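A.B. asks: Based on what follows, work out the 3D shape:
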Amino acid sequence: MATVHESVRVNVPLTQAYNQWTQFEEFPRFMSGIESVRQVDEALVHFTTGIAGLRREFDARITTQIPDERIAWESVDAPHSKGEVTFRASSPTETEVTVDFDWDPASPAERLGASTHLDERLVKKDLRQFKEFIEHRETETGAWRGSITEGHVE
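C.D. replies: Reported below is the predicted structural model:
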């Protein structure tokens with residue numbers, strides 16, 4: 001199992017950073033290798049990725065979502081992955097966004113990428129791109145303020 005832990009401080013209020021992150025279909029605008037994201041329902045998201053010539057489609061179930069605090073997910077199918085994004089106000093106008101991600105590299109290319117920390121570099125790059133994306137907008141592109149506990153929408 002490979003593990004990634006990366007953070008970025010964005011110069012927007014907590015609620016704006018969180019609201020933008022809930023707009024999963026916008027991920028391709030700032031995440032490397034994400035070709036498309038489709039929100040199937042409040043707790044299920046379908047991803048199409050393409051990284052280093054390897055194209056995959058998979059579903060991820062949101063297991064926990066607490067507005068302005070955290071979003072946690074786990075893959076429904078292979079390859080296995082799980083993680084969470086947490087949001088913490090550093091000041092009224094700054095937010096610390098932290099990604100913790102565990103995944104099971106399946107192919108030789110994925111194992112090589114994990115062993116050389118390519119996955120960490122990509123997440124760090126994606127967080128920098130999120131920072132640029134959200135800081136250059138007057139407002140988030142949308143918001144979902146619902147809560148999910150143990151995979152159930154409340």
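
A.B. asks: Tell me if I'm right that residue 74 and residue 81 touch.
C.D. replies: Yes. Using C-beta atoms under 8 Å, residue 74 is in contact with residue 81, at 7.4 Å. (C-beta placed from N, C-alpha, C; glycine too.)

A.B. asks: Now the common contact residues for those two.
C.D. replies: Common neighbours of residue 74 and residue 81 are listed as residue 60 (criterion: C-beta atoms under 8 Å, 6 or more residues apart in numbering).

A.B. asks: Helix or strand: which one has the most centrally placed residue in the chain?
C.D. replies: The centre of the chain sits closest to residue 85, judged by C-alpha atoms, centre = their mean, with a distance of 6.4 Å. Secondary structure from DSSP states H and E places residue 85 in strand 81-91.

A.B. asks: what lines up beside that strand in the sheet?
C.D. replies: Note on strand 81-91: by DSSP bridges, its sheet partners are strand 70-75 (antiparallel), strand 94-103 (antiparallel).

A.B. asks: would a markdown table of those strands with distance to residue 116, mean pLDDT and mean neighbour count be doable?
C.D. replies: Shown next, in a markdown table, are the strands paired with strand 81-91 (distance: least, C-beta to C-beta, whole Å; pLDDT from 0 to 100; neighbours: other C-beta atoms under 10 Å):
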| stretch | distance to residue 116 | mean pLDDT | mean neighbour count |
| --- | --- | --- | --- |
| strand 70-75 | 23 | 97 | 19 |
| strand 94-103 | 15 | 96 | 18 |
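
A.B. asks: Let me know the outermost residue of this structure.
C.D. replies: residue 108 (23.9 Å).

A.B. asks: Flag every buried residue along the longest helix seen in the chain.
C.D. replies: Secondary structure of the chain per DSSP state H: the longest helix is helix 118-135. Buried positions in helix 118-135, judged by neighbour count with 16 or more other C-beta atoms under 10 Å: 118, 119, 120, 122, 123, 124, 126, 127, 130, 131, 133, 134.
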